[in-house]
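In: coords below, sequence missing:
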């Protein structure tokens, strides 16, 4: 730690900017996969999937396939090893159930366990009897790391070295003399109110609850997990307020209702129309529950797929459903884009930054809201252009 200096970090950032793989030195090389050759013995009485499972299990337990190693997809491994996809799928399901591999939706499975740290310049070596063609080895293709990601790494290192300096583990913070790459944020024009209304209408056509969810996103600016974690007792329709005090997250299969991202709760005002929509939603829920003799509890969730609303929506599921509605409406909008819309329109409407930031919930006294959520609004930009034109052309027109 004491030997780390700013120039060393500069070299690291330059290397990551060229390729995010630390094993890459800039020269061509082959990315080896230590996938064993899968041979099916016709004399073996066991099913083919059990034979494949045993071969892969032995490779994992022996360390040939190390934790963090990526396996080919079912389709790819089937083509490489000339084995049916059904056999490979059953083997992967068994290995997943045994905890030897981790299945990832939309991605290739990986070997379970904590991956060993990769030192710069070190690469995975092929074992004895390795067959690159059947293992699916491929030439390395450099993937530069984004400047924003490198700046995030720099921020983490800066905090770690600051703590080390405070604890007198080191006498300097090398990140102060290092220079991470500049991240250029390209502003995206804010979604127009008409386009947002189209998406909300499409969402309501699919589900009244989904339409209300998206409506609350844009009129309150709350995060998706905060809205999923909203309970009946958090809504005060008489006073026109909702209490945002919790955030619902799903991590590693664990569902947690915790405090908000900024560890601060807040009360948000809602207009009479929003109160009417929420009241209608609650009346519908109570009517459905009354048919089976169940009352809606105060700790029930406002948005839920459970019969008694005992469990909230999964935030990822809500994101997916909103994206489907936006695509059907022909509008590019997601839940985070709804928060951008809230901040941009409030600031464009003349509402002060302090109140806008308080509504959205980020800390930093409004700096985060202004930097990340306030997108340029075309109407405001046109008014600004007209003002500057009148201001500049004023003396000339008078002459």
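Out: Thanks, I have it. Source: prediction; values computed, not measured.
In: any weak-confidence spans in the stretch 51-200 of the chain?
Out: In the prediction, the stretch 51-200 of the chain carries residues with pLDDT under 70 at positions 115-124, 126-127, 187-188.
In: residue boundaries of the helices in it?
Out: Applying DSSP state H, counting those that start in this stretch to the stretch 51-200 of the chain gives helices spanning 74-81, 85-97, 132-135, 147-166, 193-206.
In: which helices and strands does the longest one pack with?
Out: Based on contacts counted as 3 or more C-beta pairs under 8 Å, 6 or more residues apart in numbering; DSSP states H and E, the elements that helix 147-166 packs against are helix 6-18. Where C-beta positions appear, they are placed from N, C-alpha and C, glycine not excepted.
In: re earlier: mean neighbour count and distance to residue 267 for the helices of the stretch 51-200 of the chain - can I get that in CSV?
Out: Conversion of these to CSV gives the following (neighbours: other C-beta atoms under 10 Å; distance: least, C-beta to C-beta, whole Å):
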stretch, mean neighbour count, distance to residue 267
helix 74-81, 18, 50
helix 85-97, 18, 45
helix 132-135, 15, 58
helix 147-166, 15, 31
helix 193-206, 18, 24
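In: For those, could you give me CSV that also reports distance to residue 329?
Out: As requested, those are arranged in CSV below (distance: least, C-beta to C-beta, whole Å):
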stretch, distance to residue 329
helix 74-81, 33
helix 85-97, 36
helix 132-135, 45
helix 147-166, 29
helix 193-206, 4
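In: looking at the ones you listed, which is closest to residue 55?
Out: Among the helices of the stretch 51-200 of the chain, the nearest to residue 55 by C-beta to C-beta is helix 85-97 (8.7 Å).
In: centre of the chain versus the closest one, how much separation?
Out: In terms of C-alpha atoms, centre = their mean, to the nearest Å, the centre of helix 85-97 is set 28 Å apart from its chain centre.
In: tell me the angle that helix makes with helix 74-81.
Out: Interaxial angle of helix 85-97 relative to helix 74-81 (axes from the mean of the first three to the mean of the last three C-alpha atoms, to 10 degrees): 120 degrees.
In: name the helices or strands packed onto helix 85-97?
Out: Using 3+ C-beta pairs under 8 Å, 6+ apart, helix 85-97 is in contact with helix 48-62, helix 74-81, strand 101-104, strand 107-111.
In: Show residues contacting it.
Out: With contacts defined as C-beta atoms under 8 Å, 6 or more residues apart in numbering, helix 85-97 is touched by 48-50, 52-53, 56-57, 60, 71, 74-75, 77-78, 81, 101-103, 109.
In: Between the helices and strands packed on helix 85-97, which one is closest to residue 303.
Out: With C-beta to C-beta as the criterion, residue 303 lies closest to strand 101-104 of the helices and strands packed on helix 85-97, at 26.6 Å.
In: Against which helices or strands is the closest one packed?
Out: With contacts taken as 3+ C-beta pairs under 8 Å, 6+ apart, strand 101-104 sits against helix 85-97, strand 107-111.
In: can you list the ones you listed in a markdown table and add distance to residue 44?
Out: As requested, those are arranged in a markdown table below (distance: least, C-beta to C-beta, whole Å):
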| stretch | distance to residue 44 |
| --- | --- |
| helix 85-97 | 13 |
| strand 107-111 | 24 |
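In: Minimum distance to residue 11: which of the ones you listed has it?
Out: When these are compared by C-beta to C-beta, strand 107-111 sits nearest residue 11, at 29.3 Å.
In: Just put the helices and strands packed on helix 85-97 in CSV and tack on distance to residue 326.
Out: Formatted as CSV, these follow (distance: least, C-beta to C-beta, whole Å):
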stretch, distance to residue 326
helix 48-62, 41
helix 74-81, 30
strand 101-104, 25
strand 107-111, 24
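In: closest one to residue 287 among those?
Out: Residue 287 sits nearest to strand 101-104 of all these, at 40.4 Å, using C-beta to C-beta.
In: Quick check: closest non-adjacent residue to residue 310.
Out: residue 300 (6.4 Å; C-beta to C-beta, 6 or more residues apart in numbering).
In: and that neighbour, what does it touch?
Out: Residue 300 touches 231-232, 285, 308-310, counting by C-beta under 8 Å, 6+ apart.
In: are any of these buried, and which?
Out: Buried subset of those (neighbour count, 16 or more other C-beta atoms under 10 Å): 231-232, 285, 308-309.
In: Tell me the one of the residues you listed nearest residue 204?
Out: Set against residue 204, the nearest of these by C-beta to C-beta is residue 285 (16.3 Å).
In: what kind of secondary structure is the closest one in?
Out: helix (DSSP: H, G, I helix; E, B strand; the rest coil).
In: tell me the domain boundaries of the protein?
Out: Here the domain assignment for the chain is 1-20+145-184, 22-139, 193-332, based on automatic domain parsing.
In: can you list the ones you listed in JSON lines and add distance to residue 357?
Out: What follows is these, written out as JSON lines (distance: least, C-beta to C-beta, whole Å):
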{"stretch": "domain 1-20+145-184", "distance to residue 357": "21"}
{"stretch": "domain 22-139", "distance to residue 357": "35"}
{"stretch": "domain 193-332", "distance to residue 357": "10"}
